[in-house]
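J.: Whatever this is, show me its structure:
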Amino acid sequence: MTSNGLEPVKGREDKMAGISMVVLVAALIAAGLIAGLFYAYACSVMPGLAHGDDKTFVEGMRGINIAIINPVFMLTFLGAPLLAVVAIFLHLGSETRSALPWVIAGAVFLVAMLVIAAWWARCWRGVGERTREWRGRF
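T.: Sure, this is the predicted structure:
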């Protein structure tokens, strides 16, 4: 019993621990899917496009850049950092607080991924616009 005579509700703590674990696992799965996408690009897509000529590379990248902006990708790409940040707040008051440093580290890396991707997209927007101009030049 606490000093005010009220005991914490055990069922609520269990429910919050379950919710925090579900959010953490969802963040982990989403982060794994994004990591797999980056890995596939590095190991297969970019080397494969490098074997073709410039026209093939430009057309291939243009097609990929258009196709990748879809609801499934955006939900995963934006959902992983969001879920990781939510998991931080859910772990603050839980019994699994010992995992908190790892959850914070994961969230920091996922947010850094978003910042780098946003910076990269902003820097290379002009390149994308120029490649559209090249359409008939090859």
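J.: what's the longest helix in the protein?
T.: helix 100-133 (DSSP state H).
J.: Show me what counts as buried in it.
T.: 103, 106, 107, 110, 113, 131 (16 or more other Cβ atoms under 10 Å). The way it works is simple: take the backbone N, C-alpha and C, and place the C-beta from them, glycine included.
J.: Can you name the residues that contact residue 93?
T.: Residues in contact with residue 93 (Cβ atoms under 8 Å, 6 or more residues apart in numbering) are residue 16.
J.: Retrieve the pLDDT associated with it.
T.: Note for residue 93: predicted pLDDT of 72.
J.: Tell me the first helix or strand C-terminal of the strand or helix carrying residue 58.
T.: For residue 58, the host element (DSSP states H and E) is helix 54-68. Per DSSP H and E, the first helix or strand lying C-terminal to helix 54-68 is helix 71-92.
J.: buried residues in that following helix?
T.: Quick answer for helix 71-92 (16+ other Cβ under 10 Å): 76-77, 79-88, 90-91.
J.: Give the other helices and strands that it contacts.
T.: helix 10-40, helix 100-133 (3 or more Cβ pairs under 8 Å, 6 or more residues apart in numbering; DSSP states H and E).
J.: Cheers, nothing more for now.
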